[in-house]
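Asks: have a look at this fold, sequence not included:
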Ligand SMILES: Nc1ncnc2c1ncn2[C@@H]1O[C@H](COS(=O)(=O)NC(=O)[C@@H](N)CS)[C@@H](O)[C@H]1O
Ligand SMILES: [Zn+2]
């Protein structure tokens, strides 16, 4: 599937700071240790109701990861999927008597456009679940062969399930207890009560074709893939096991990322799937998580249609820490637009206060688990001083402009 177009990332003078990130598996903020090419997989959208501000907040967080790694001189091998076949998509198409394939294409196109407008650096590979079915089937066949997967005890629909005990370390990513796992498994696409499974938590790998449902021929018989296996296969086949960051919103901690890891580790008989499991908090509206099921969505495209500068959307979302569950409010956007205008006024000045240590502080804060609130405050300080005409350094405005572009993706 075609990815979206990229933007230039200015190279900054001075000393970059190595990135430290919170890892859900260990519960710690610790250094990432990428090789020459940092490797990152961030779960993509299920293409309907895109791109709401929850999606945007999560992809913007990982855009800062990308930019800090580049500031440290790394290439970034970034991969992202599109879940263009899944229950929720079929249900939405049914509800709107829409063609599920065209719905997916339309929403994915809008997502690309929104990501470009937000200046999010694109993944090198942007892969749909449907186009990945052949490689997904290959992984499932291996899991069946080595006994990590099994056919449900159901003559009519012998769906294939993953035995969650296969790796012996199931649960290391989320650290959730059994009760929490059961709750989230049921709430987020799992089928704990399906008869014929060895254990309620076992996850679907392959759903045998049902009347009226899309299905694909394969060595497993006609059917379609489960959800988690798509991200295992797409990530490992392009990044290899042990890549640097597996990313997504906190609603993916379990079951999705637990299973993405377990499937990949079972077939590789090795671990870890990823060295950091990084999760962004939930953006809410009026006290509820912004989500398709609730329909309380604010869309990037709606704001763009209203003439909102995407740079202000970045500033509004960066005003909160990426790991915090936080609310989107109109005031947040108004404050961001004012901040953006002040920053632009300051960098348009012929001179300003020396900017080297402001850039150093920007790097300190962003490399410390993406502390964007403190990073914005560091720029505010320089801007306030510049607007008071405190400075005579003619290179300062240009340096601030470059740093804000390179590290925050915002053009002043
Ligand atoms: N309200 C929200 N706040 C922050 N992030 C969110 C919110 N809602 C969804 N996300 C994140 O946005 C990304 C896409 O969400 S999604 O469209 O539901 N799609 C999926 O979760 C799957 N296609 C991942 S393979 C996920 O990382 C999800 O965690
Ligand atoms: Zn995923």
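Replies: That came through fine. These figures come from a predicted structure and were not determined experimentally. Ligands and ions are numbered 1, 2, ... in the order given.
Asks: for the closest residue to ligand 2 within the stretch 101-250 of the chain, which non-adjacent residue is spatially closest?
Replies: When you check the stretch 101-250 of the chain against ligand 2 by Cβ to the ion, the closest residue turns out to be residue 231, at 3.4 Å. All C-beta atoms are positioned from the backbone trio N, CA, C, and that covers glycine. Of all residues not flanking residue 231 in the chain, residue 260 sits nearest, at 4.4 Å (Cβ to Cβ, 6 or more residues apart in numbering).
Asks: what are the boundaries of the strands in the chain?
Replies: Assignment of strands within the chain using DSSP state E yields the ranges 20-23, 28-31, 37-42, 75-82, 125-128, 149-151, 160-162, 203-208, 223-225, 243-249, 274-280, 283-285, 288-289, 326-327.
Asks: give me the residue from the stretch 301-412 of the chain nearest ligand 1.
Replies: Closest residue of the stretch 301-412 of the chain to ligand 1, Cβ to the nearest ligand atom: residue 325 (8.0 Å).
Asks: what residues does the stretch 201-350 of the chain put near ligand 1?
Replies: Neighbours of ligand 1 within the stretch 201-350 of the chain, by Cβ under 6 Å from any ligand atom: 231, 248-249, 251-252, 280, 282-283, 289-291.
Asks: mind listing the strands the least confident helix or strand in the chain by mean pLDDT pairs with, and their directions?
Replies: One helix or strand of the chain scores below all others by mean pLDDT, DSSP states H and E: strand 288-289, with a mean of 83. Sheet pairing of strand 288-289 (DSSP bridges) gives strand 283-285 (antiparallel).
Asks: what's near enough to touch the closest residue to residue 6 other than its chain neighbours?
Replies: Leaving aside its sequence neighbours, residue 6 sits nearest to residue 122 (Cβ to Cβ, 6+ apart; 5.3 Å). Going by Cβ atoms under 8 Å, 6 or more residues apart in numbering, residue 122 touches 3-6, 78, 115.
Asks: distance check, residue 122 against residue 255.
Replies: 28 Å (Cβ to Cβ, to the nearest Å).
Asks: what do you get for residue 365?
Replies: Residue 365 is 33 Å from residue 255, by Cβ to Cβ.
Asks: more neighbours: which of those two?
Replies: residue 255 (24 against 21; other Cβ atoms under 10 Å).
Asks: interface residues of the stretch 101-250 of the chain facing ligand 2?
Replies: Contact residues (Cβ under 5 Å from the ion) of the stretch 101-250 of the chain with ligand 2: residue 231.
Asks: low-confidence ranges, the stretch 101-250 of the chain, go.
Replies: By pLDDT under 70, the stretch 101-250 of the chain has no low-scoring segment.
Asks: just the closest residue of it to ligand 1, please.
Replies: Counting by Cβ to the nearest ligand atom, the stretch 101-250 of the chain gets nearest ligand 1 through residue 249, at 2.2 Å.
Asks: partners of that residue in the sheet?
Replies: residue 280.
Asks: check contacts around it.
Replies: 54, 58, 279-282.
Asks: ditto for residue 198
Replies: 150, 161, 163.
Asks: just to revisit the earlier point, wait, the residue nearest to residue 231 sits on residue 267?
Replies: No: using Cβ atoms under 8 Å, residue 260 is not in contact with residue 267, being 11.8 Å away.
Asks: so which of these two has more stuff around it?
Replies: Between residue 260 and residue 267, counted using other Cβ under 10 Å, the more crowded position is residue 260 (29 against 25).
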